[in-house]
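Okay, sequence plus prediction incoming.
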2 protein chains.
Amino acid sequence: MTDKNKITIYDVAKKAGVSRQTVSRVLNNRQDVSAETRKRVQEIIEGLSYHPSAIARSLSRQKSYIFGVVTAGLKYIGPSRTLSGITSKAEEMGYGLLLKELASFSANNVHPLLGWLQSHQVDGIIWAAPEIEDNRNWLGDLLPEIDIPIIFLTMEKREDVSIVSIDNYLGARMATEHLISLGKKNIGHITGPLDWWEARQRKLGWEAALSDAGYKPSTHMWAEGNWSSRSGKIAFIELLEKFPGMDGLFVGNDQMALSVLRTAFEQGKKIPDDLAVIGFDGIPESEFYCPSLSTVNQNQNALGCIAVEELVRLVENKFMADDVIEPKYITILPELIIRQSSQTP
Amino acid sequence: MTDKNKITIYDVAKKAGVSRQTVSRVLNNRQDVSAETRKRVQEIIEGLSYHPSAIARSLSRQKSYIFGVVTAGLKYIGPSRTLSGITSKAEEMGYGLLLKELASFSANNVHPLLGWLQSHQVDGIIWAAPEIEDNRNWLGDLLPEIDIPIIFLTMEKREDVSIVSIDNYLGARMATEHLISLGKKNIGHITGPLDWWEARQRKLGWEAALSDAGYKPSTHMWAEGNWSSRSGKIAFIELLEKFPGMDGLFVGNDQMALSVLRTAFEQGKKIPDDLAVIGFDGIPESEFYCPSLSTVNQNQNALGCIAVEELVRLVENKFMADDVIEPKYITILPELIIRQSSQTP
DNA sequence: TTGAAAGCGCTAACAA
DNA sequence: TTGTTAGCGCTTTCAA
């Protein structure tokens, strides 16, 4: 390790025989520096392998080029895919990321977290944790106090904030209508945990598709899971009992669908003939389930990318002009992927 | 939004009728403040909902309480599980995280990235991207220039840096020995991409277990995949041809094992009687494969946690004392999970 | 084209 | 127990 005396702009200036401002101008690519001086300074910067302190810059510019990201459930694939979209787009747009993962999905006490982000002068916040129960209640109280642009992911439309969401309702409709188009007449549904907004939206889409086709969704036709494969199995067994005529099944996510496929196999049910199955998410493995799983693909990577793009818009606008941008509700369309589990023979 | 004039320590001081220093003392919980003054200042802080600027603090203290995290492949479950361990432990230890995801696993040009982290004065760096090909070559050149403690995840032992690794070699041995203990005599292997250090370690473990048991590993007994389910299928088909007597198979990860199970089913091979299969990783879904998959569980969450703990040790030591800590190579033991795919009938 | 002075918001060292 | 003075490393006036 080299000695700890870090090199500052002052060292560069001294060595170059110019003032610190001049070095600063070179660093910021200003035009008012003679070519000659610029070159000399640049060489010295190289030679000293000097890195200007981003922290000092942030302080003096009052802009950090850092976004705060609040996420939850990184050990699941969905949130990480979104995060991956966020990192790549943020990199592209020249922003760094300060990451916080909530201890639980439904974490409610966001006050200290917001304070922390504020104190770190993030230029904007991406709220990528899902909407569950009342974990958006803080918005009413705290939002007015925050002077930092925020963009939310996957939550119910509100007038006062910008949101990017995948259209879960539409995806569920598409899935259900697809099963109907197969000639299935008794279509069940395994929901996600219904305190999740996304799970409720998917259930609504299923109900709407059934109603539109002249069927009446009712309680014996659905069961609630919690996204996990284990819960999917339990819900499926429950459904087999209370909805014996079921010939089609829309499952709230792919992981639950995995154990549906397996349990159906164990029980001698033929898929898709006896029972057509479609999942939700489009995780890469679902193509290799046995049989391969039809699913509704949601592009979570794009979700993250779009969130960053929109946030950059909000932020740059705040710094440049003073005309407030209207909050937007941006919707991403899901996409149907048909595979063996719901293929017409 | 409230007005943009942010509240500073000066505003608090003025309102409380004390100096900024006194406010600073209250903020930092110093003892040399009268109870009375402290209380008054605290109330004003509350009332103004004042958040001290972490950026200004970092600048003046020369310590940011931020770690840089370099990761790759967040869209895959492994890296995200590790990241999740990192976030939770960092939170617990009072550190924030500045996140960078490499554009590709094998990204080689880390120079600007290191510069960026340095300029942001991170107190330490967690290098969580995997070791592939020559993407550790920069260590020799750049490491001496970096004055920031770094901890690396899952890479080959070196004397000059601290490393936390899961013992891939041992895990592979355990898996293979387990198959041997079942009475299997012709045990194949589907490797990960062999430019990955982890994949090579697993292959070595498989070879060692075979040799120790008196079998001779040879080229016709293994095939190379790239971690994906699709590649697993291709490799399996290749193996079926060139190693027809195969009655046991150690697969480099669970996703590839998924398509092995499926392909075996399609070909009428009975698992585990005709072919016993074991994977690697222990992803939650593997329990619900059909049949459920035996696997070597690697606790990636713990990997992240331990990395943070060790890094905190390095960092605090650097700030407190000046005696250099010896680099450590910490190893995490994997764990065998036996399920249907390798169960004695 | 360059430099001097002031300030970003905070803390450390010293005085009172 | 409190306040004063400097300074963290940079950028932004303004003047030369």
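Looks like it arrived, so ask away.

Give me the domain ranges for chain A.
Chain A breaks down into these domains under automatic domain parsing: A:4-52, A:66-167+A:301-333, A:168-298+A:336-342.

so does the longest one get close to chain B?
Same thing as domain A:168-298+A:336-342. Yes - against chain B, domain A:168-298+A:336-342 shows contacts by C-beta under 8 Å from any C-beta of the partner chain at A:228-230, A:233, A:255, A:258-259, A:261-262, A:265, A:284-285, A:287-290. For the C-beta atoms, the positions are set from N, CA and C on the backbone; glycine is no exception.

Okay, and which of the residues you listed map to helices?
Under the assignment DSSP state H, the residues of domain A:168-298+A:336-342 next to chain B contribute A:229, A:230, A:233, A:255, A:258, A:259, A:261, A:262, A:265 to helices.

Closest one of those to residue A:223?
Proximity of those to residue A:223, judged by C-beta to C-beta, is greatest for residue A:233, which lies at 10.9 Å.

just checking, that closest one touches residue A:258?
No - the pair residue A:233 / residue A:258 is not scored as a contact, 9.1 Å apart, by C-beta atoms under 8 Å.

Model confidence score at residue A:345, please.
With respect to pLDDT, residue A:345 scores 61.

which ones are touching the most centrally placed residue in chain A?
Taking C-alpha atoms, centre = their mean, the centroid of chain A lies closest to residue A:82, which sits 3.8 Å from it. For residue A:82, the contact set (C-beta atoms under 8 Å, 6 or more residues apart in numbering or on different chains) comprises A:71, A:128, A:153, A:300, A:301, A:303, A:304.

Next, format the residues you listed as a markdown table and append secondary structure, pLDDT and neighbour count.
Converted to a markdown table, those look like this (DSSP: H, G, I helix; E, B strand; the rest coil; pLDDT from 0 to 100; neighbours: other C-beta atoms under 10 Å in any protein chain shown):
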| residue | secondary structure | pLDDT | neighbour count |
| --- | --- | --- | --- |
| A:71 | strand | 97 | 24 |
| A:128 | coil | 97 | 28 |
| A:153 | strand | 97 | 24 |
| A:300 | helix | 97 | 26 |
| A:301 | helix | 97 | 18 |
| A:303 | helix | 98 | 23 |
| A:304 | helix | 98 | 29 |
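
the bottom helix or strand of chain A by mean pLDDT?
helix A:138-142 (a mean of 88; mean pLDDT, DSSP states H and E).

Could you list the buried residues of that helix?
For helix A:138-142, the neighbour count (16 or more other C-beta atoms under 10 Å in any protein chain shown) marks residue A:139 as buried.

Is chain B within reach of that helix?
No - shown here: helix A:138-142 not in contact with chain B (C-beta under 8 Å from any C-beta), separated by at least 9.8 Å.

roughly how far is that helix from the heart of the chain?
21 Å (C-alpha atoms, centre = their mean, to the nearest Å).

Please work out which residues outside that helix touch it.
With C-beta under 8 Å, 6+ apart, helix A:138-142 has contacts from A:108, A:110, A:111, A:114, A:158, A:160, A:161.

hang on, the earlier thing: overlap of the contact sets of residue A:233 and residue A:258?
In contact with both residue A:233 and residue A:258: residue B:288, using C-beta under 8 Å, 6+ apart.

So those two - more neighbours on which side?
A count of neighbours by other C-beta atoms under 10 Å in any protein chain shown puts residue A:258 above the other of residue A:233 and residue A:258, at 27 against 20.

Of the contacts of helix A:138-142, grab the buried ones for PyMOL.
Of the contacts of helix A:138-142, the buried ones can be selected in PyMOL as follows, counting by 16+ other C-beta under 10 Å:
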select buried, chain A and resi 110+114+161
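
Nearest to DNA strand D among the residues of domain A:168-298+A:336-342 next to chain B?
residue A:284 (43.2 Å; C-beta to the nearest atom of the strand).

what residues are up against the closest one?
Taking C-beta under 8 Å, 6+ apart, one finds B:228, B:229, B:255 in contact with residue A:284.

Next: residue A:118.
Taking C-beta under 8 Å, 6+ apart, we find residue A:118 in contact with A:146, A:148, B:51.

For the closest residue to chain B within the stretch 51-200 of chain A, pull up the helix or strand it's in.
Residue nearest to chain B within the stretch 51-200 of chain A (C-beta to the nearest C-beta): residue A:80, separated by 3.5 Å. According to DSSP states H and E, residue A:80 maps onto helix A:77-93.

Can you pull out the residues in contact with the next helix or strand after that helix?
Note on helix A:77-93: by DSSP H and E, the next helix or strand toward the C-terminus is strand A:96-102. Residues outside strand A:96-102 that contact it (C-beta under 8 Å, 6+ apart): A:65-74, A:83, A:86-87, A:90, A:113, A:116-117, A:120, A:122, A:129, B:66, B:69, B:84, B:87-88, B:91, B:96-100, B:116, B:120.

Using the three-state scheme, assign the residue in the stretch 201-345 of chain A that DNA strand D sits nearest to.
Per C-beta to the nearest atom of the strand, residue A:319 is where the stretch 201-345 of chain A lies closest to DNA strand D, at 10.9 Å. State at residue A:319, reduced to three classes by DSSP: H, G, I helix; E, B strand; the rest coil: helix.

neighbours around the closest residue to it other than its chain neighbours, how many?
Leaving out its chain neighbours, the residue that sits closest to residue A:319 by C-beta to C-beta, 6 or more residues apart in numbering or on different chains is residue A:63, at 6.7 Å. A count of nearby residues for residue A:63, using other C-beta under 10 Å, gives 13.

where's residue A:63 relative to residue B:55, distance?
As defined by C-beta to C-beta, to the nearest Å, residue A:63 lies at a distance of 11 Å from residue B:55.

what sits in contact with each of these two?
residue A:121.

Could you pull out the buried residues of stretch A:48-56?
For stretch A:48-56, by 16+ other C-beta under 10 Å, it's A:50, A:51, A:52, A:53, A:54, A:55, A:56.

can you narrow the residues you listed to ones near chain B?
A:51, A:52, A:53, A:54, A:55, A:56.

nearest to residue A:40, of those?
Nearest to residue A:40 among those, counting by C-beta to C-beta, is residue A:52 at 17.2 Å.

OK, contacts around the closest residue to the closest one other than its chain neighbours?
Nearest residue to residue A:52 in three dimensions, chain neighbours excluded: residue A:27, at 5.6 Å (C-beta to C-beta, 6+ apart). Contacts for residue A:27 (C-beta under 8 Å, 6+ apart) come out as A:9, A:45, A:52.

Now do the SS call for residue A:188.
Going by three-state DSSP: residue A:188 is strand.

if I pick it, what's in contact with it?
A:221, A:222, A:223, A:239, A:243, A:246, A:248, A:249, A:250.

So which of those residues are in helices?
Taking DSSP H, the ones among the contacts of residue A:188 that sit in helices are residue A:239.

residues near residue A:103, how many?
Residue A:103, neighbours per other C-beta under 10 Å, totals 12.

Same question for residue A:130.
Residues near residue A:130, counting by other C-beta under 10 Å: 21.

low-scoring stretches of the stretch 1-150 of chain A, by residue?
Within the stretch 1-150 of chain A, the segments meeting pLDDT under 70 span A:1-5.

In the stretch 151-300 of chain A, what residue spans correspond to strands?
For the stretch 151-300 of chain A, applying DSSP state E, counting those that start in this stretch gives strands covering A:162-166, A:187-191, A:222-224, A:248-251, A:276-278, A:295-297.
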